[in-house]
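> Fold the following, please.
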Amino acid sequence: MKRELPIAALRSACEYKELFDLSRISTMRVGGLARYFFKPVSKEELCRLLDILDEVGYPYKLIGGASNTLFCDDVYEGAVISTRGLGSISREGSSFLCEAGVSLASLLSYAAGCGYGGAEQLWHIPGTLGGAVAGNAGAHGLEVFDVLEGVYIRRGLDGRCVELSPELLEPSYRTTKIKCGADITVLGATVGLDFSNAEDILRQKRKFAQMRAKTQPIGEPSLGSVFKRSDGVSAAFYIDKLGLKGYRVGGAAISDKHAGFIVAERGASPKDVLRLIAIIKEKVHDAFGIGLECEIDIVGGADVLFDRTEK
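Next up is the predicted model:
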């Protein structure tokens with residue numbers, strides 16, 4: 001049974017809003033309401049907030065840029081915590097110490113200004129460093145863990161804040177121990193980059209931006225790639241083979257530009273997105289025997305997202 005929040009303690013820990021519309025911050029512009037919404041502005045404030053929530057056993061969900069999380073229920077009966085207020089970056093030689101709410105674009109732009117690069121493939125991935133670490137985000141053959149030197153985390157088991165070697169989070173393709181359910185919160189990370197020429201950095205940035213613009217629905221409301229690769233093959237390959245580009249449910253549609261993306265039109269609802277995901281999974285399984293796994297994080301909506309492949 002969910003326990004009530006100690007409102008007085010929360011007011012002293014962090015400002016919050018009630019019944020916050022999550023579609024306001026989602027890159028897909030869809031989502032339900034959060035019973036409580038918090039945006040701490042420091043690691044200390046975040047940890048104090050988590051201490052309170054853990055103490056009373058109140059459910060919560062952490063988000064960064066809300067670029068890969070779909071909140072499906074009308075009201076998420078818990079606390080949604082945004083890390084976007086944790087945005088400091090500092091440099092020690094070729095190492096860049098960043099808080100969890102720093103966007104990858106901000107990090108790489110700051111590093112480029114200092115003459116460091118080598119991770120331009122990651123520049124245009126939306127979202128924050130904390131989310132990128134939790135899901136081992138990547139693009140064009142480079143993953144976040146390829147450039148990580150250390151990760152600063154809070155352990156939910158005892159509330160301790162410690163630095164870990166990246167490999168202890170057991171990263172693999174688009175996942176880590178955190179993504180798999182370990183009670184760990186990313187507070188920040190240290191990223192190691194290479195000294196580089198400003199013109200080379202800009203050239204690489206432009207190259208990957210152009211590749212992304214040609215192949216992905218940039219500028220349209222989406223949560224990025226919906227499904228993980230299956231045995232090294234893009235989910236978009238199977239979806240495209242079935243001629244499903246443009247297929248829609250309500251206001252949600254498979255992108256005409258990239259079959260692995262679902263885009264939201266005006267009036268789209270989380271349930272539209274969920275139903276479309278379920279249809280895609282069923283059709284791909286029936287045609288190819290492939291069980292697609294979602295790359296995006298789906299919160300709630302279990303009554304809609306019924307996976308026939310798991311019967």
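> Quick check: Leu223 vs Lys179, distance?
Leu223 sits 15 Å away from Lys179, going by Cβ to Cβ, to the nearest Å. The way it works is simple: take the backbone N, C-alpha and C, and place the C-beta from them, glycine included.
> Between the two, tell me which one has more neighbours.
In this view Leu223 and Lys179 are compared by other Cβ atoms under 10 Å, and Leu223 has more residues nearby, 26 against 19.
> residues touching the spatially most central residue of the chain, list them.
What sits nearest the mean C-alpha location of the chain, by Cα atoms, centre = their mean, is Asn68, with 4.1 Å. Asn68 sits next to 127, 131, 135, 223-224, 295-297 when contact means Cβ atoms under 8 Å, 6 or more residues apart in numbering.
> now with 6 Å?
223-224, 296-297 (Cβ atoms under 6 Å, 6 or more residues apart in numbering).
> Tell me which helix or strand comes right after the helix or strand hosting Arg206, heading toward the C-terminus.
Element membership of Arg206, judged by DSSP states H and E, is helix 198-215. Later in the chain than helix 198-215, the nearest helix or strand by DSSP H and E is strand 222-225.
> Please determine how far Ala134 is located from Gly127.
10 Å.
> cool, and Gly188?
The value you get for Gly188 to Gly127, if Cβ to Cβ is used, is 15 Å.
> same thing with Leu97?
Distance from Leu97 to Gly127, by Cβ to Cβ: 19 Å.
> between these two, who's got more neighbours?
Gly127 (23 against 17).
> What's the local residue count around Arg155?
Count around Arg155 with other Cβ under 10 Å applied: 14.
> Nearest spatial neighbour of it, chain-adjacent residues omitted?
Ile184 (6.1 Å; Cβ to Cβ, 6 or more residues apart in numbering).
> Could you report the separation of the one you found from Arg266?
38 Å.
> quick one: which of these two has more around it?
Ile184 (20 against 7).
> Read off the pLDDT value for the more buried one.
We note a pLDDT of 95 for Ile184 in this prediction.
> Just checking: what are the partner strands of the helix or strand Val263 falls within?
According to DSSP H and E, Val263 maps onto strand 261-264. Its sheet considered, strand 261-264 pairs with strand 222-225 (antiparallel), strand 252-254 (antiparallel) by DSSP bridges.
> Only C-alpha atoms, please: export it in PDB.
Extracted C-alpha coordinates of strand 261-264, given in PDB (Å, rounded to 0.1, in the frame of the first residue of the first chain):
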ATOM      1  CA  PHE A 261      10.400   6.100 -35.000                       C
ATOM      2  CA  ILE A 262       6.800   6.800 -33.900                       C
ATOM      3  CA  VAL A 263       5.800  10.500 -34.200                       C
ATOM      4  CA  ALA A 264       2.900  12.200 -32.500                       C
END
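> Off-centre distance for that strand?
Mean-position distance between strand 261-264 and its chain equals 16 Å (Cα atoms, centre = their mean, to the nearest Å).
> Residues in contact with it: which ones?
28-30, 217, 220-222, 226, 252-253, 255, 273, 276.
> Name the spans of the stretch 151-300 of the chain whose pLDDT lies under the cut-off.
The stretch 151-300 of the chain contains no residues with pLDDT under 70.
> can you give me the helices for it?
198-215, 235-241, 270-288 (DSSP state H, counting those that start in this stretch).
> roughly how far out does the longest one sit from the chain middle?
Between the centre of helix 270-288 and the centre of its host chain there is 21 Å, according to Cα atoms, centre = their mean.
> Buried residues in it, which are they?
270-278, 280-281, 283-285 (16 or more other Cβ atoms under 10 Å).
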